[in-house]
Structure formats: C-alpha cells, structure tokens
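Student: For reference, the sequence and a predicted model appear below.
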Amino acid sequence: MAATEERDSLASSTQAFVDAVERAAGGRLVSRKQIARVLGVSPNTISNWFSRYAPPDLERIRGATDLSVNKRLSDLEVLCEVPTGTFTALYKDIADARTSRRLKRPVPPDDDPHLGLARVHRSFPIADVGARMQRASRLRLLNTWFPNLAQLEQPLRVALASGRCQIEVTMLHPYCTAAVTRASTLAYRPGTDPLYSVAGEIRSSFRAWAALAEEFDFTDRLEVYVYPEMPALAVYQVDDHILAGFFLHSRLAVDGPQLEITSAGSFMARVVDDELSRIRRGSSGPVDLASWEEWLNVHL
C-alpha cells in the first residue's frame, strides 16, 4: 500500500467514525460534553474531532487499554442509542489504519540492521527476566499458561510491592477449542484427556495469579485476561524489553528459542506490540481473580 493510500485509509476511517458519532449524537440530542465524559476526554477534544482538527486517538488516554477503549465506545453506543458494535467497529478501522501506517514506517538499515532484534536465546533466560521484573514499571505477559510462574513469583511480588508496577496478563481460556488443539500439538500421551491436560495447566496458573493478587491486595495493579484462540507468539514484555517465543510442536514456548527485542519503536518491537494489541481487542476480562472459577464458567 502506497503512503498516499495509507493516509487516505486513515482519513476515510476517521471521517466515517466521526460522522457516525456526530449523526447519532445530533439525533438523540446528546451534547459534546456528554460524549467527552463517556469517552474520558475533554469537550475540546470532541470539538476538534468534529471540526476535523485532530483525528480520534483514544489509545493515548493515560492508562488506556484495548478493552477500556472498547468499554468507552460501548458506553457511547448506549448513550446515543445505536446498535451494539456500531462505534466499536468504526473505531477499529481507525486503529488498524494507524497500526498499518506505523508498521510500514521504514527503519534505516544502517541504523538498525537487525530491526530491533538483539539476540536469540536457546530457551527462556529466567534469571535475567526475573531481575528485570523487580525494577519494572509495566509488564505485559502473554502465554497459553505460565509454566515458569513459580520461578518468577518472587520477582513479580517485588515488582508489585514497589507500588509502581502494572501487570497485564493474557492466557488462553481453559475451556476453548484452542486448548484442545494446543494439547494435540504438545503430543500428550495416548489416553490423556487433552482438554483436562491444558485446562488443568491454565487453571493452575489462575490459582497462582489469584494467590499473588490476594496476598498483598494487588488486584488493582494485576489484571488477567483470557483469549479464545492460539496467539502467534508467547510474549514477556518488561517495560521496553521483550522476549518472544514460539508455540512449537511437542515443546512449550518457554523451552524453545526466544527472540530478545530491546530497541523500543523498532520494527520488531512494533510487530510484537501490534500482535499484543490485536489479542487484547479479542480477549475477555479482566477476570475477577477472587472468584475466577465462576467467572470462567460464565464467560465461556
């Protein structure tokens, strides 16, 4: 896609979203102040949208996640009395166009010949990651489940006890079809129930996360989400430092090669960030860790 086409895609998706909000608000006599309150922005920001001075960018709101953005858009749909998903779908087009434009931004080959890839590890460097976690302000963790959680529990406790670290965890839903598929690729022994095998591992991780949250009342800074499909990568992101593993046959992601990405804003970092963002848009949560078993049964 040429640069002009990318700009046109972002401009057209922006116009479609803003026009839809403006029409719905006008039809229901919803004020700009009401829209701003629901979306968590200033009335001046809404005026800039309608005047085409600035495109909508809800991801830049402090503390925003894909799920919180979708929740704000859903609340706006209720306020304007439009069908569920109307604004969410239109805004997704804006986010996708912005991501596409960002990913296609060239990285000068002489400046970063490896596009942000620092090295490849034979397996997960648990000691190095644990040390980084203790000093972290933000962790984004993605895996089917966390087989190394016991080894990382103390570093995670230190990070949370610091009072400044926010942890976002995404796991596979234990009762989804992908759990059975993953069990098959891991080659569990004949006669083993694959759903029980993988579901049991995920549930074990949930017990550990719930215990960690309860121990020091970390529920406001530890959020766990569930995803219904197999992701492309397992990701452990500690601030701007990323380790990405692969879901290979007959091997856990943490037991296989790990891509270490250290250049924030590099091509590889943007690819991983885009994958994490897409997965979060399709995930459910945050899970109520105080009653996670009931929550999972309701949110199948």
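Tutor: That came through fine. Numbers count the residues shown, from 1 in each chain.

Student: alpha carbons only for contacts and neighbour counts from here, please
Tutor: Will do.

Student: Arg140 bridge partners, please.
Tutor: Beta bridges link Arg140 to Glu168, Gln237, judged by DSSP bridges.

Student: which residues touch it?
Tutor: Residues in contact with Arg140 (Cα atoms under 8 Å, 6 or more residues apart in numbering) are 167-169, 235-238.

Student: With respect to Asp57, which of those residues is nearest?
Tutor: Comparing the contacts of Arg140 against Asp57 with Cα to Cα places Glu168 closest, at 21.2 Å.

Student: Quick check: that closest one vs Asp128, distance?
Tutor: Remark: distance between Glu168 and Asp128 (Cα to Cα, to the nearest Å) = 20 Å.

Student: show me where pLDDT drops low in this protein?
Tutor: 1-7, 53, 62-66, 102-113, 188-196, 216-220 (pLDDT under 70).

Student: tell me how far whatever helix or strand Asp93 lives in is from the chain's mean position?
Tutor: Element membership for Asp93 (DSSP states H and E) is helix 86-103. Here helix 86-103 is found 15 Å from its chain centre; the criterion is Cα atoms, centre = their mean, to the nearest Å.

Student: which residues touch it?
Tutor: Helix 86-103 is contacted from outside by 6-7, 9-10, 13-14, 16-17, 20-21, 70, 73-74, 76-77, 267, 270-271, 274, using Cα under 8 Å, 6+ apart.

Student: buried residues in it?
Tutor: 86-88, 90-103 (16 or more other Cα atoms under 10 Å).

Student: What angle do helix 86-103 and the longest helix along the chain make with each other?
Tutor: Once the chain is assigned using DSSP state H, the helix that runs over the most residues is helix 3-27. In terms of direction (axes from the mean of the first three to the mean of the last three Cα atoms, to 10 degrees), helix 3-27 departs from helix 86-103 by 160 degrees.

Student: From the contact counts, what lies against helix 3-27?
Tutor: Judged by 3 or more Cα pairs under 8 Å, 6 or more residues apart in numbering; DSSP states H and E, helix 3-27 is in contact with helix 43-50, helix 86-103.

Student: Now distance to Pro155 too, for those, in JSON lines please.
Tutor: Shown next, in JSON lines, are the helices and strands packed on helix 3-27 (distance: least, Cα to Cα, whole Å):
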{"stretch": "helix 43-50", "distance to Pro155": "40"}
{"stretch": "helix 86-103", "distance to Pro155": "32"}
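
Student: Touching, Trp295 and Pro286? I think so.
Tutor: No - counting by Cα atoms under 8 Å, Trp295 sits too far from Pro286 to count as a contact (9.9 Å).

Student: so which pair among the contacts of Arg140 is furthest apart in space?
Tutor: Among the contacts of Arg140, Ile167 and Val235 lie farthest apart (Cα to Cα), at 13.0 Å.
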